[in-house]
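Asker: for reference, the sequence and a predicted model appear below.
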Amino acid sequence: MSRGADFWSRRKAGVQAEAAQEAAALAAAEEEAQAEALRAEQAEQTDAEILASLDLPDPDSLQPGDDFSGFMTKAVPEHLRRRALRKLWRSNPVLACLDDLVDYADDYTDAATVVKDLQTSYIVGKGLSVHVEEMARKAAEAAKDTLVEAIEASDAEVAAEAPTEEPLLAEAAPEAQAEPAPDHMAPAAEPLAPPARRRMAFHFTAAPEGA
């Protein structure tokens with residue numbers, strides 16, 4: 001088979017698949033429209049009128065061995081189907097008499113136990129990470145507020161102690177002014193007069209007689 005023929009065969013198959021999908025979508029939309037119209041019509045009818053229009057008996061009148069399959073069609077409203085299933089479960093001893101070892105018979109949903117409009121911080125795939133992050137954020141903010149308060153209290157203590165130091169500085173000021181100035185800052189003294197020169201004086205005594 002040439003490449004051209006192979007291309008056109010694939011193209012033809014693709015067009016046929018698209019047409020089949022469109023036909024299926026149209027059929028589904030038409031079926032949904034019919035079901036919606038039927039539900040709107042049944043909403044205005046009583047259960048007895050609905051059962052009469054569908055040629056079905058009262059679900060509560062069914063006995064073991066009766067045919068319950070008529071209630072499984074799409075035309076039957078959901079609440080009537082559930083009534084028939086409850087009757088089937090009660091009428092069949094195999095389904096009605098369950099022991100405590102059948103763990104799958106319990107209701108594991110939250111609808112039967114939790115309050116209305118219950119909110120949780122649990123996220124599927126993440127667990128309670130958002131709750132933990134929020135707690136960490138609040139703890140960080142509390143620590144920050146505590147640090148700011150400690151700094152403000154320390155500043156207040158410093159400000160309260162500041163006036164007691166000013167008189168000490170004022171009293172120390174005169175003492176600092178009374179101290180003599182250093183030598184290099186004192187005024188220069190007048191030069192001293194040179195001392196008088198001394199002259200040597202010789203005194204001679206007469207020699208004693210007979211010497």
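Answerer: All right, it came through fine.

Asker: pLDDT of stretch 24-42, averaged?
Answerer: If you average the pLDDT over stretch 24-42, you get 85.

Asker: and if you look at stretch 161-168?
Answerer: Averaging pLDDT along stretch 161-168 gives 55.

Asker: who are the contact partners of the residue nearest to the spatial centre of the chain?
Answerer: Central residue of the chain (CA atoms, centre = their mean): V130, 3.6 Å from the mean position. Counting by CB atoms under 8 Å, 6 or more residues apart in numbering, V130 touches S121, I123. Every C-beta, even on glycine, is put in place using the N, C-alpha and C of the backbone.

Asker: what strand or helix carries it?
Answerer: helix 129-178 (DSSP states H and E).

Asker: ok so, going back, and the residue nearest to the centre of the chain, how far is that from T146?
Answerer: V130 is 25 Å from T146, where distance means CB to CB, to the nearest Å.

Asker: repeat that for D47.
Answerer: Distance from D47 to T146, by CB to CB: 67 Å.

Asker: ok, the two, which is more surrounded?
Answerer: Remark: of D47 and T146, D47 carries more neighbours, 14 against 10, as counted by other CB atoms under 10 Å.

Asker: what about the residue nearest to the more buried one when sequence neighbours are not counted, helix or strand, and which?
Answerer: Take D47 and drop its neighbours on the chain: the residue closest to it by CB to CB, 6 or more residues apart in numbering is L80, 6.4 Å away. Following DSSP H and E, the helix or strand that holds L80 is helix 78-91.
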